[in-house]
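Colleague: Sharing a sequence plus its predicted fold:
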Amino acid sequence: MVNWTAVGVGFVVTLILGIIGLYVPFLGLLAPIIGGLVAAYMAGGKYIDGIVNGGLAGGIAGFITALIGFALIGAAVSVLTGYAGAGAVIAIIGAITGFIIGAILGLVGGVIGIAIKGKPAEQPMTEPAPVARESPNIEFSMENIQKCICSTCPVQEESECVKEKLKMMQEMMQSEEKMMPNPEDVPGLYCATGKATCEGLDTEKMCNCVNCPIWAENDLANGKPMGYFCRDGKAM
């Protein structure tokens with residue numbers, strides 16, 4: 001999945017290092033790799049995410065810098081040859097070449113960035129308990145809603161449905177009436193209500209349950225399921 005904020009930061013890093021590379025040997029060649037690494041590390045995810053975000057950061061930077069450079073060369077060629085179209089052809093070919101080279105170097109950096117950060121699937125949520133026991137049912141209450149940290153969980157941070165429900169729930173709780181929301185309107189407390197109704201959850205990302213006070217208070221590490229309640233259902 002493309003994280004445009006991360007791509008933008010990687011793009012800026014690549015440009016800055018590329019400019020410095022005009023005076024420092026080899027830094028210009030390393031700039032897309034470093035920019036891709038930064039973009040992938042910020043975005044996180046799997047190796048394919050690192051390839052996409054790192055490749056875009058390096059490719060876009062390579063395209064723009066090559067377009068400017070070859071446009072100047074093309075303008076000079078057009079003046080010397082008297083053929084105006086020559087400059088445009090040189091600029092386009094140069095920009096495409098710059099994008100390809102920048103993207104290749106950027107995706108190399110993207111793979112390195114993910115390798116440094118670590119894939120979510122390679123980071124276990126918790127050590128499995130030798131013997132699982134049934135955990136108590138979690139009450140759907142205002143107190144538990146306020147304790148719940150599902151709203152900050154990476155698994156659902158990209159879901160537009162979740163964002164909309166969070167906004168509506170906050171408006172409801174800030175109103176004078178302070179009405180108790182319905183379970184289906186709360187994008188969280190899945191340990192009490194069960195699987196999420198929203199689409200767009202990315203369960204490849206790291207679950208946040210281990211940091212939740214409700215999870216700790218009720219010893220849900222030894223329950224069924226142990227986490228990812230939004231995917232697997234409520235705690236039993």
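Modeller: That came through, no problem. Since this is a predicted model, take the numbers as computed values, not measurements.
Colleague: all contacts plus neighbour counts: C-alpha atoms, from now on.
Modeller: Will do.
Colleague: Give the closest residue to residue 96 in space, chain neighbours not counted.
Modeller: Distances taken as Cα to Cα, 6 or more residues apart in numbering put residue 63 closest to residue 96, at 6.3 Å, once the chain neighbours are dropped.
Colleague: Quick check, the one you found in contact with residue 93.
Modeller: No: applying Cα atoms under 8 Å as the test, residue 63 and residue 93 come out as separate, 10.1 Å apart.
Colleague: Name the residue in these two with the higher neighbour count.
Modeller: residue 63 (22 against 14; other Cα atoms under 10 Å).
Colleague: any idea how far residue 157 is from residue 207?
Modeller: 11 Å (Cα to Cα, to the nearest Å).
Colleague: Ok, residue 17 next?
Modeller: 31 Å.
Colleague: These two: which has the busier surroundings?
Modeller: The residue with more neighbours, out of residue 17 and residue 157, is residue 17; 19 against 16, by other Cα under 10 Å.
Colleague: and the residue sitting nearest the centre point of the chain, what are its phi and psi?
Modeller: The residue lying closest to the centre of the chain (Cα atoms, centre = their mean) is residue 43, at 3.5 Å. Torsion angles at residue 43 (phi, psi; degrees, to the nearest 10) stand at phi -70, psi -40.
Colleague: looking at it, it is touching residue 9, isn't it?
Modeller: No: if you go by Cα under 8 Å, residue 43 and residue 9 don't touch, sitting 10.5 Å apart.
Colleague: Run a quick neighbour tally on residue 185.
Modeller: Quick note: residue 185 (other Cα under 10 Å) scores 15 neighbours.
Colleague: Remind me what the host helix or strand of residue 65 packs against, helices and strands.
Modeller: Secondary structure from DSSP states H and E places residue 65 in helix 47-81. Secondary structure elements in contact with helix 47-81, counted by 3 or more Cα pairs under 8 Å, 6 or more residues apart in numbering; DSSP states H and E, are helix 4-20, helix 27-43, helix 84-117.
Colleague: Relative to residue 109, how far out is the residue nearest to the centre of the chain?
Modeller: From residue 43 across to residue 109, the span is 13 Å (Cα to Cα).
Colleague: Also residue 145?
Modeller: 41 Å.
Colleague: what do you get for residue 78?
Modeller: From residue 78 across to residue 109, the span is 37 Å (Cα to Cα).
Colleague: Neighbour count: these two, which is higher?
Modeller: residue 109 (31 against 17).
Colleague: my read: the more buried one touches residue 56, true?
Modeller: No: contact criterion Cα under 8 Å: residue 109 and residue 56 do not qualify, at 11.1 Å.
Colleague: which residues are common contacts for the two?
Modeller: residue 36 (Cα atoms under 8 Å, 6 or more residues apart in numbering).
Colleague: Just confirm residue 191 contacts residue 234, I think it does.
Modeller: Yes: if you go by Cα under 8 Å, residue 191 and residue 234 touch, sitting 4.1 Å apart.
Colleague: Neighbour count: those two, which is higher?
Modeller: Using other Cα under 10 Å as the criterion, residue 191 and residue 234 rank with residue 191 on top: 27 against 22.
Colleague: Many thanks, have a good one.
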